[in-house]
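Chemist: coordinates for the following, if possible.
(one chain, ligands or ions: 3)
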Amino acid sequence: MLNRTLAIALALAVLPLAGTASAKDAKMDGKPKLCKALKSIDPDNDGKLDLTEAKKAAEAAFDRINRDADKTLERKEFRGRVSKGDVQTADTDKDGTLDKAEYTAIVEKLFNAANKDRDGTLECKELKSSAGRAMMRLLRS
Ligand SMILES: [Ca+2]
Ligand SMILES: [Ca+2]
Ligand SMILES: [Ca+2]
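Modeler: Ligands and ions are numbered 1, 2, ... in the order given. Reported below is the predicted structural model:
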């Protein structure tokens with residue numbers, strides 16, 4: 001009698017474990033893997049970043065790092081974030097500062113450089129390329 005009770009108890013203990021295992025398997029497929037870099041700037045959470053999202057993040061970053069709240073980023077505001085070459089190319093009025101249009105133009109350029117498969121979006125792998133990482137630096141707050 002005691003053995004039979006024990007057997008039932010064991011069976012009951014094992015059952016939920018089996019259920020958990022199959023639920024875990026079902027979770028494996030589905031959404032594309034999200035990378036950490038993407039999480040904060042991908043509002044629709046689809047695992048990829050399109051140019052509209054990148055530009056929006058760039059404009060938000062511009063406002064946050066533009067500490068004196070004028071219309072431009074001075075060198076001390078964009079220092080360490082934008083490479084010297086990118087500043088030279090983007091600073092079309094050659095005043096040594098970047099306005100919002102110039103800042104987002106750099107983001108667009110780096111976006112296109114990183115988007116190797118030309119599908120309109122950046123996936124995690126592309127974000128990890130050197131152009132992708134350079135772009136992410138401009139989107140960070
Ligand atoms: Ca400024
Ligand atoms: Ca300028
Ligand atoms: Ca892509």
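
Chemist: ok, now which ones touch the residue nearest the centre of the chain?
Modeler: Nearest residue to the geometric centre of the chain (Cα atoms, centre = their mean): Leu38, 1.8 Å. Neighbouring residues of Leu38 by Cβ atoms under 8 Å, 6 or more residues apart in numbering: Gly47, Lys48, Leu49, Cys124, Leu127. From N, CA and C alone the C-beta is placed, and that goes for glycine too.

Chemist: same question for Leu49.
Modeler: Leu38, Ile41, Asp42, Thr121, Leu122, Leu127.

Chemist: quick check, nearest of those residues to Leu73?
Modeler: Ile41 (18.9 Å; Cβ to Cβ).

Chemist: low-confidence stretches in the protein?
Modeler: 1-34 (pLDDT under 70).

Chemist: quick check: the residue nearest to the centre of the chain vs Phe62, distance?
Modeler: As for Leu38, its distance to Phe62 is 20 Å (criterion: Cβ to Cβ, to the nearest Å).
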